[in-house]
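**Q** how does the following fold in three dimensions:
(4 chains)
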Number of protein chains: 2
Amino acid sequence: MSGKKSFIINEKMFSKYFKAFGDPSRLKIVMLLSVKEMAVGDIVEAIGLSQPTVSRHLGILREAEIVVDRRDGQNVYYSLNKSSVETCCTGFCDCLAIPIKMPHKSKKK
Amino acid sequence: MSGKKSFIINEKMFSKYFKAFGDPSRLKIVMLLSVKEMAVGDIVEAIGLSQPTVSRHLGILREAEIVVDRRDGQNVYYSLNKSSVETCCTGFCDCLAIPIKMPHKSKKK
DNA sequence: AATACATATATCTATATATGCATATATCGC
DNA sequence: GCGATATATGCATATATAGATATATGTATT
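**A** Numbers count the residues shown, from 1 in each chain, chains lettered A, B, ... in the order given. Modelled structure (predicted):
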């Protein structure tokens, strides 16, 4: 309203989001899904955890709106909700008044 | 695959970082520190948790390099390591091949 | 060096979380 | 419908974490 912070996000909202990222197994899943959409079974195979555990992790990521799922026949395919992640990261930095530099535009560090 | 991801960051590194953010109390602290540097005592007063608890949270944030501390006399002042947070967010999005839109500068995707 | 003040660590407890096994649900092919 | 396959959920459990109180460490002042 006052112009500096374009929107208000409370700590609970961000912490839920970040908590979802704050687990190595879930991050692995996110990394996998950043490449391509995958069925649960494929994720299980790639991750090396039991199917129920992976399913739980996917549920947490889904609830945090980090991933989306769609069913196709017997399989449920998960994919990364990139715009959601982007909104979280930029929104968070914006909230903290941290200017974001474009990674690819300029080479200088 | 060469050239798409400019650098490799493992899940453990990010998860440590995000785990530090994944707690409402710590996020509150981060929000406070985004405004200005603060002594531990001031943070304790603002947060409403016990001093040892706040100290412990600060230790977690410090270890994750999210905040930095400096001692001045009896007080220890903490401040937000903004460049570190920025690096995490952009690095994470970059790692996931998520294009970051500048909130203010340019409208194009 | 003794005391006061600020911060950090030790220890404990309650709660949360990650995981696995067993089972339930959903979808397909027959 | 029945069996096979894929995914989700219930339950139990081990570990992690947040929090408090008590104590230790560090710093300034006298």
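**Q** alpha carbons only for contacts and neighbour counts from here, please
**A** Fine.
**Q** how about the helices of chain A, start to end?
**A** In chain A, the segments counted as helices under DSSP state H are A:11-21, A:24-35, A:40-47, A:51-63, A:82-95.
**Q** let me have those in CSV, extended by distance to B:Leu61, mean pLDDT and mean neighbour count.
**A** Formatted as CSV, the helices of chain A follow (distance: least, Cα to Cα, whole Å; pLDDT from 0 to 100; neighbours: other Cα atoms under 10 Å in any protein chain shown):
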stretch, distance to B:Leu61, mean pLDDT, mean neighbour count
helix A:11-21, 14, 87, 21
helix A:24-35, 18, 96, 20
helix A:40-47, 28, 97, 16
helix A:51-63, 23, 97, 17
helix A:82-95, 16, 93, 19
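**Q** indicate which one of those is closest to DNA strand C.
**A** Closest approach to DNA strand C among the helices of chain A is made by helix A:51-63 (4.7 Å; Cα to the nearest atom of the strand).
**Q** skipping adjacent residues, who's closest to the residue most central in space within chain A in space?
**A** In chain A, the centroid-proximal residue (Cα atoms, centre = their mean) is A:Ile66; its distance is 3.6 Å. Using Cα to Cα, 6 or more residues apart in numbering or on different chains and skipping the chain neighbours, the partner closest in space to A:Ile66 is A:Asn81 (5.3 Å).
**Q** and the residue of chain A that's closest to DNA strand C?
**A** Closest point on chain A to DNA strand C, by Cα to the nearest atom of the strand, is A:Gly73, at 3.1 Å.
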